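Asks: sequence and predicted structure are below.
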Amino acid sequence: MLLQQLINGITLGATYALATVGFSLVYGVLELANFANGAFYILGAYFAMVLYASMGMNFAVSLALALAGTGILGAAMDAGLLRPIRSKGGTRTSMMISTLGVGTAITNLIIVLFGSETKRFPDAFGGKRLEFASAVVTYKQLFTILLCIVVMVVLSILVYRTKLGRAMRAISQNPVAARLMGIDTNTVILLTFFIGTMCAALSGTVVSMYLGSLDTTMYSSVNIKMFASAILGGVGSLPGAVLGGMILGMLETFVSGYISTAYKDVFSFAILILVLLFRPAGLLGQRTIKKV
Amino acid sequence: MSEIVLSGKGVTQRFGGLTAVQDVTFEVPKGEIVSIIGPNGAGKSTLFNCVTGIYTPTEGQIFFLGQEITGKKVHEISALGIGRTFQNIRLFSEMTALENVIVGSHAKAKSGIADALLHTPRYRREEEEAVKKAEEILKLTGLYEYRYHYATALSYGLQRRLEIARALASDPVLLLLDEPAAGMNEQETHSLTEFIRELKGMGYTILLIEHDMKLIMNISDYIYVLDRGIPIAEGTADEVRQNPLVIEAYLGKEA
């Protein structure tokens, strides 16, 4: 029982971590809470479902196309909506409200096109599973966890070892100086949205396959979970996003398994409030003192 | 006459009803140190912001190496060969001194994301070169022993030096120094003066904004004086020093 809960918790945590990383990447560069991320999470899953389940494409191809398509839409949101706001000197609040608007529009468009009923997402691994020591690991769980690890490794290399990553960090630390160092900030921000949105879409797709179903009500719940994980781990920090997502996933699984499903959110948010009370910057966040 | 690196023709910058810079024309010849002085609020930093593309001048044109740069984007102008430092220090606070300088060479790096992820030879070579070059610049600027210190851990004088070092990493032709001696003590200012002379000796062209008159008079080849956005005088240090308009702007009208 314990081992089984642990495996389920890691799987759920991995998906939260993926979505939160996308959210944190954008936050790190723009200090913007991108609430459209939850909608891109759903949109990615619908994309993949349509290609894979309805049109019968290969799963890997469906996933790749869904990620690329959603990523492009995320980048388009930045270029078409957020960049004009920035260039006209608009505030972060304006950008944040715009992302909420985009999120609502996307979710409702999905309802218009597909209806609001829950859709089935078939298991690409045909229900195959491993059994050991009284626990069961399904292939789709393994796939989810492995994918999460691979994405984290790739993103760490990207952020800490590449020119793009260095540019991203430079922009987050001092946007004006970054531009004067020859960094094309708009392009870097565009790429950040592209990558961050792909993370959200990836998370949405693997969650839908893991749960076997998807619907648009996931939008608001995933936005809150993503925001909570980010704050828990330290907003804008990548390791923090992974840690926050993992803690939230574990907590939900264990509370559901040992206490009651009805209480899982109570415990998650109680922990969140406690962390905020005692470590306002989050578990791995850096305490920053802004000079006046 | 030597080649002109940077020039401005009738540069004017208005913010609503306020004219921060009015009809300023200037030239910066290759290999010289040209200074812009003037009381607080004279429009010196605004002029710098026009040159670097942070502002697009309301009127007038700016040329760099014979090419018009008015209205170009900040990162494009930087890539053409203009490096700058700031009046209020703007380092990347969560990076080491070495990393700060490497970011300075950003525009020159060619390798992409795929190169980095696959760790291609091109990426490795470019990273090694960037580190080597950054280390050389840190040696040159006397910051080598602090290369692994976070920018915020350095003393004020060293942070100013690091800003110059970072600007040098982009291989600039022209260096814009915005009040490099601000907040420095006499000893620090003296070593900065020597350092700016050395930069000139290495062939850099320098445009300088400064309040410290001793420093300005010591090293400038040519000086422009602004007062409330309007150019009131220009010339060599001696000419400017004796100009009654300049004395008036700084000390007030004689009774």
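Replies: Looks like it came in fine.
Asks: pretty sure B:I77 contacts B:I69?
Replies: Yes. At 5.4 Å, B:I77 counts as touching B:I69 under the criterion of Cβ atoms under 8 Å. Bear in mind the C-beta positions are built from the backbone N, C-alpha and C, glycine included.
Asks: who touches both of these two?
Replies: Common contact partners of B:I77 and B:I69 (Cβ atoms under 8 Å, 6 or more residues apart in numbering or on different chains): B:V51, B:G53.
Asks: so which of the two has more stuff around it?
Replies: Neighbour tally, B:I77 and B:I69, criterion other Cβ atoms under 10 Å in any protein chain shown: the higher count belongs to B:I77, 23 against 20.
Asks: report the contact partners of that one.
Replies: Applying Cβ under 8 Å, 6+ apart, we find B:I77 in contact with B:V51, B:T52, B:G53, B:F64, B:I69.
Asks: which among the residues you listed gets closest to A:Y41?
Replies: B:G53 (37.8 Å; Cβ to Cβ).
Asks: could you report the pLDDT at that closest one?
Replies: In this model, B:G53 is scored at 91, pLDDT.
Asks: repeat for B:D115
Replies: On pLDDT, B:D115 comes in at 67.
Asks: hang on, the earlier thing: ok, the contacts of B:I77 vs A:Y219, which is closest?
Replies: The nearest one, if we look at the contacts of B:I77 relative to A:Y219 and count by Cβ to Cβ, is B:G53, at 40.6 Å.
Asks: next one: phi and psi at the closest one?
Replies: Note on B:G53: its backbone torsions stand at phi 90, psi 0 [degrees, to the nearest 10].
Asks: three-state assignment of B:S35?
Replies: For B:S35, the secondary structure call by DSSP: H, G, I helix; E, B strand; the rest coil comes out as strand.
Asks: surely it and B:I216 touch.
Replies: Yes. Applying Cβ under 8 Å as the test, B:S35 and B:I216 come out as touching, 5.0 Å apart.
Asks: overlap in contacts, these two.
Replies: By Cβ under 8 Å, 6+ apart, the residues touching both B:S35 and B:I216 are B:L208, B:E210, B:I223.
Asks: my guess is the last one is in a helix, correct?
Replies: This means B:I223. No. Checked against three-state DSSP, B:I223 lies outside a helix; its state is strand.
Asks: out of the shared contacts of B:S35 and B:I216, which one has the weakest pLDDT?
Replies: pLDDT is lowest at B:E210 among those; the value there is 87.
Asks: excluding residues flanking it in the chain, which one is nearest that residue?
Replies: Spatial nearest neighbour of B:E210, excluding adjacent residues (Cβ to Cβ, 6 or more residues apart in numbering or on different chains): B:I216 at 5.1 Å.
Asks: now for the helix or strand that the one you found is a member of, which elements pack on it?
Replies: Here B:I216 sits within helix B:213-219, counting by DSSP states H and E. Judged by 3 or more Cβ pairs under 8 Å, 6 or more residues apart in numbering or on different chains; DSSP states H and E, helix B:213-219 is in contact with strand B:33-37, helix B:186-201, helix B:237-242.
Asks: of the contacts of B:I77 - the most surrounded one?
Replies: Counting neighbours by other Cβ under 10 Å, B:V51 leads the contacts of B:I77 with 25 neighbours.
Asks: for the stretch 1-150 of chain B, what spans make up the helices?
Replies: In the stretch 1-150 of chain B, helices defined by DSSP state H, counting those that start in this stretch lie at B:44-52, B:74-81, B:97-104, B:113-118, B:121-140, listed in chain order.
Asks: so which of these is the most surrounded?
Replies: Comparing the helices of the stretch 1-150 of chain B by mean neighbour count (mean count of other Cβ atoms under 10 Å in any protein chain shown), helix B:97-104 ranks first with a mean of 26.
Asks: anything in that one near chain A?
Replies: Yes. Judged by Cβ under 8 Å from any Cβ of the partner chain, helix B:97-104 comes into contact with chain A through B:E99, B:I102, B:V103, B:G104.
Asks: ok, and what's touching that helix?
Replies: A:166-167, A:170, A:178, A:181, A:183, B:83, B:91-92, B:95, B:130-131, B:134-135, B:137-138, B:143, B:146-151, B:154, B:162, B:165-170.
Asks: show me the shaky parts of chain A.
Replies: Along chain A, the model assigns pLDDT under 70 to residues A:286-292.
Asks: closest residue of it to chain B?
Replies: Residue nearest to chain B within chain A: A:G182 (2.8 Å; Cβ to the nearest Cβ).
Asks: for that residue, grab phi and psi.
Replies: Dihedral angles of A:G182 (phi, psi; degrees, to the nearest 10) stand at phi 90, psi 10.
Asks: thought it was touching B:G83?
Replies: No. With contact defined as Cβ under 8 Å, A:G182 does not count as touching B:G83 (9.2 Å).
Asks: what sits in contact with each of those two?
Replies: Between them, A:G182 and B:G83 share the contacting residues B:S170, judged by Cβ under 8 Å, 6+ apart.
Asks: show me where chain A has its strands.
Replies: A:119-120, A:129-132, A:135-138, A:213-214 (DSSP state E).
Asks: okay if I get the ones you listed as TSV plus distance to chain B and mean neighbour count?
Replies: Below are these laid out as TSV (distance: least, Cβ to the nearest Cβ, whole Å; neighbours: other Cβ atoms under 10 Å in any protein chain shown):
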stretch	distance to chain B	mean neighbour count
strand A:119-120	34	14
strand A:129-132	30	10
strand A:135-138	29	16
strand A:213-214	30	20
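Asks: of those strands, which is nearest A:L3?
Replies: Closest of the strands of chain A to A:L3 is strand A:135-138, at 4.3 Å (criterion: Cβ to Cβ).
Asks: hmm, who's touching the closest one?
Replies: A:L3, A:Q4, A:I7, A:D123, A:F125, A:G127, A:K128, A:R129, A:L130, A:E131.
Asks: who wins for most neighbours among those residues?
Replies: That'd be A:I7 among the contacts of strand A:135-138, by other Cβ under 10 Å, with 18 neighbours.
Asks: please tell me I have it right and that residue contacts A:K140.
Replies: No. When contacts are counted by Cβ under 8 Å, A:I7 is not listed as touching A:K140 (11.9 Å).
Asks: ok, back up a step: just the closest of the contacts of B:I77 to chain A, please.
Replies: Nearest to chain A among the contacts of B:I77, with distances taken as Cβ to the nearest Cβ, is B:T52, at 6.2 Å.
Asks: show me what contacts the closest one?
Replies: B:T52 makes contacts with A:L180, B:V74, B:I77, B:S78, B:I82, B:R84, B:L176, as judged by Cβ under 8 Å, 6+ apart.
Asks: would CSV of these with distance to A:R279 be doable?
Replies: Below are these laid out as CSV (distance: Cβ to Cβ, whole Å):
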residue, distance to A:R279
A:L180, 35
B:V74, 37
B:I77, 42
B:S78, 39
B:I82, 43
B:R84, 38
B:L176, 42
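Asks: of the residues you listed, closest to A:G212?
Replies: So of the contacts of B:T52, ranked by how close each gets to A:G212 (Cβ to Cβ), first place is B:V74, at 50.2 Å.
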